[in-house]
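>>> one predicted model, sequence on top.
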Amino acid sequence: MKTFTLDEILTLYKKKDPTELFKAAWDTTTANHGESVYLRGLVEFTNKCVINCQYCGIRRDNKNVNRYSLESETIVDVCLDGFNKGLRTFVLQGGEDRDISVKDICQTVKDIKRKTDNEAAITLSFGSRTLDEYKLMKDSGVDRYLLRFETSDQELYYRLRGMPLADRLKNLEDIRTAGLQVGSGYMTGLPGESEETRINNALLSRDLELDMVGIGPFIPSDETPLAGSVQEPIDYAIKGTALLRLLLPKAHIPATTAAGSLKPTGREDMIKAGANVLMPNLTPVSVKKDYLLYPGKICLDETGTQCIGCMSMRVKSVGRKINFSRADALRLMNGKI
């Protein structure tokens, strides 16, 4: 399998015709991950958030959101149902809900682990926390933590989130120090972003040596200060996926829901460009519509079972195969899938 230099990767990325870039990314994915597209069951357990990000539909100051937090028992039951359907990895994702303590969510993780005989892998995505809190999560059985940096542009980051990018990067360092597998990612097409920013986003992901990295298009929401922003092409996210794959051959890269929301075949295009993960949404249908980070989100009326069935067909259509296994970071598996 060809190993690309940074200059070769950037040359491929900058070509007007991305055919060669996508072919290189597909071959690199196959060489490192086989034909598998791994499933991770997503549970959006709370849409309460104390942060006021300019781009997010569940930002603190949006008064038009019906706020909810799933009971611990519900989260466990949803994961057990997914486990019984074959899933072995679950992503518990929520806003920075300060009504739920880290100790509480850790107890929920312990319950899931116990009821699945420790077979289920748990990714937690619960905002910026302290090193001691990440260590507590690790001790409770959390395997991975997902914390997106959203943009590598320090000025743009501060404008969008009202805090320094350096703080976010320190969080990612703490996640690794705590012994957790590290996931992050970013958006493409943010107002004020340049092509240089998009390249630097991918290079930062490489420098962080991320185990999982997600990329998705920014979709403007009328419920945010960025309402009326230009919707940039999904091509930025698809080409960015291929760039990430070449820079991080062993990383797990999801084909994100936002891509599927912006374009019917968006997730398939991402898989063809190097993505190897899909996240069927297991969140109860009764609250799915309330976890609306952006408008036009797909699959809001589908059950988890329906999502899994739909994804299986989509993956098959592009020549890959669904894989239900845990799919831990390859650095922990000595290169074995």
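Nice, thanks for sending it over.
>>> what secondary structure does the residue nearest to P164 when sequence neighbours are not counted sit in?
Of all residues beyond its chain neighbours, the one nearest P164 is Y158 (6.3 Å), with distances taken as CB to CB, 6 or more residues apart in numbering. (Glycine included, C-beta is placed from N, CA and C.) Here Y158 is recorded as helix under DSSP: H, G, I helix; E, B strand; the rest coil.
>>> V109 versus Y158, what's the distance?
Counting by CB to CB, to the nearest Å, the gap from Y158 to V109 is 33 Å.
>>> burial of the residue nearest to P164, as a residue count?
Y158: 13 surrounding residues under other CB atoms under 10 Å.
>>> contacts for the host helix or strand of D174?
Using DSSP states H and E, D174 sits in helix 165-177. Outside helix 165-177, the residues that touch it by CB atoms under 8 Å, 6 or more residues apart in numbering are 128-131, 134, 145, 147, 149, 151-152, 154, 157-158, 182, 184, 208.
>>> one more time with 7 Å
Helix 165-177 has contacts (CB atoms under 7 Å, 6 or more residues apart in numbering) with 128, 131, 134, 145, 147, 149, 154, 157, 182, 184, 208.
>>> next step: those residues restricted to strands.
By the criterion of DSSP state E, membership of these in strands covers 145, 182, 184.
>>> which of the residues you listed ranks first by neighbour count?
Y145 (27 neighbours).
>>> please, where are all the helices along the chain?
Assigned by DSSP state H, the chain shows helices spanning 6-14, 19-33, 72-84, 102-115, 131-140, 154-161, 165-177, 195-207, 235-247, 257-262, 266-272, 285-288, 304-317.
>>> chain center to the longest one, what's the gap?
Its chain's C-alpha centre lies 20 Å from the corresponding centre of helix 19-33 when counted by CA atoms, centre = their mean, to the nearest Å.
>>> who touches it?
For helix 19-33, the external contacting residues (CB under 7 Å, 6+ apart) are 1, 4, 12-13, 15, 239, 242, 245-246, 249-250, 272-274, 276, 330, 337.
>>> now, of the residues you listed, which are buried?
Buried subset of those (neighbour count, 16 or more other CB atoms under 10 Å): 12-13, 239, 242, 245-246, 249, 272-274, 276, 330.
>>> how many neighbours does S69 have?
If we define neighbours as other CB under 10 Å, then S69 has 18 of them.
>>> per-residue pLDDT, it?
Reported pLDDT at S69 in the predicted model: 98.
>>> and the closest residue in space to it that isn't next to it in sequence, what does it touch?
Closest residue in space to S69, ignoring its immediate chain neighbours: T46 at 4.1 Å, by CB to CB, 6+ apart. Contact analysis of T46 by CB under 7 Å, 6+ apart lists 68-70, 94-95, 97, 100.
>>> likewise for G185?
Taking CB under 7 Å, 6+ apart, we find G185 in contact with 148, 213-215.
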